[in-house]
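Student: quick one: sequence and predicted model below, then my questions.
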Amino acid sequence: MSTVLPGRFTAQTDRESFAVFLIGMRINRLLSITSWWPPATTMPRMLRHLLADQEKSGLLGYNSWGGRTTMLASYWRSAEDVQRFASDRDAPHAAAWRAFVKKGGANGAVGVWHELYTVHRGDFECVYNNMPAFGLGKSVEHVPVGDGTRTSRQRMTWGAGNRASAD
């Protein structure tokens, strides 16, 4: 279990931009285990591959949730890093995707989805109240909210480079 950090925190990064990649699947037919089990078990293998050399992969961090619809929110140096991983024939994604298209994707028993965004400095803000390190704050620098970062507007300005020192 993750340690809850009491108080209010935000995320800080000096990056000009970073990418947010959301990916998941939905089990449409629960009894079609042979359709949804393979894609459900490939994500842990992909994450191990990416985490083995984060400097090379560009993955900054992630959080995931399970159930009938799964979701993984991941933070990357760039959209190009995500795209490079997805098309790398030596990485675990390409073979898993080909297998899904060939077997699981045709019968509709399972759906997969993803969204990819590039976020620029000054286009994001976040706050975490009485939470373990989480989300972007877990993936970059997790800092206490303080003077100059107490409101959403201040955090957006702070993220744009007008850095205030966090108490």
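Tutor: Sure, I can see it. Residues are numbered from 1 along each chain as shown.

Student: list the buried residues of stretch 74-86.
Tutor: Of the residues in stretch 74-86, those scored as buried under the neighbour-count criterion (16 or more other Cβ atoms under 10 Å) are 74-77, 79, 81-82, 85. From N, CA and C alone the C-beta is placed, and that goes for glycine too.

Student: cool, stretch 57-74 as well?
Tutor: Neighbour-count burial for stretch 57-74, with 16+ other Cβ under 10 Å as criterion, is recorded at 57-63, 70, 72-74.

Student: read off the pLDDT value for the most centrally placed residue in the chain.
Tutor: Here the mean C-alpha position of the chain is nearest to the C-alpha of Ser74 (Cα atoms, centre = their mean), at a distance of 1.0 Å. At Ser74, the predicted lDDT confidence score is 98.

Student: and it, what element?
Tutor: Counting by DSSP states H and E, the element that carries Ser74 is strand 71-76.

Student: so how far is that strand off the chain centroid?
Tutor: Using Cα atoms, centre = their mean, to the nearest Å, the mean C-alpha position of strand 71-76 is found 1 Å from that of the whole chain.

Student: that one: partners in the sheet, and parallel or antiparallel?
Tutor: With DSSP bridges as the criterion, the sheet partners recorded for strand 71-76 are strand 17-27 (antiparallel), strand 59-65 (antiparallel).

Student: contacts for the helix ranked longest in the chain?
Tutor: With DSSP state H setting the assignment, residue counts place helix 33-52 as the longest helix in the chain. With contacts defined as Cβ atoms under 8 Å, 6 or more residues apart in numbering, helix 33-52 is touched by 23, 25, 27, 29, 57, 59, 62, 64, 70, 72, 85, 91-93, 96, 99-100, 103-104, 107, 109-110, 112.
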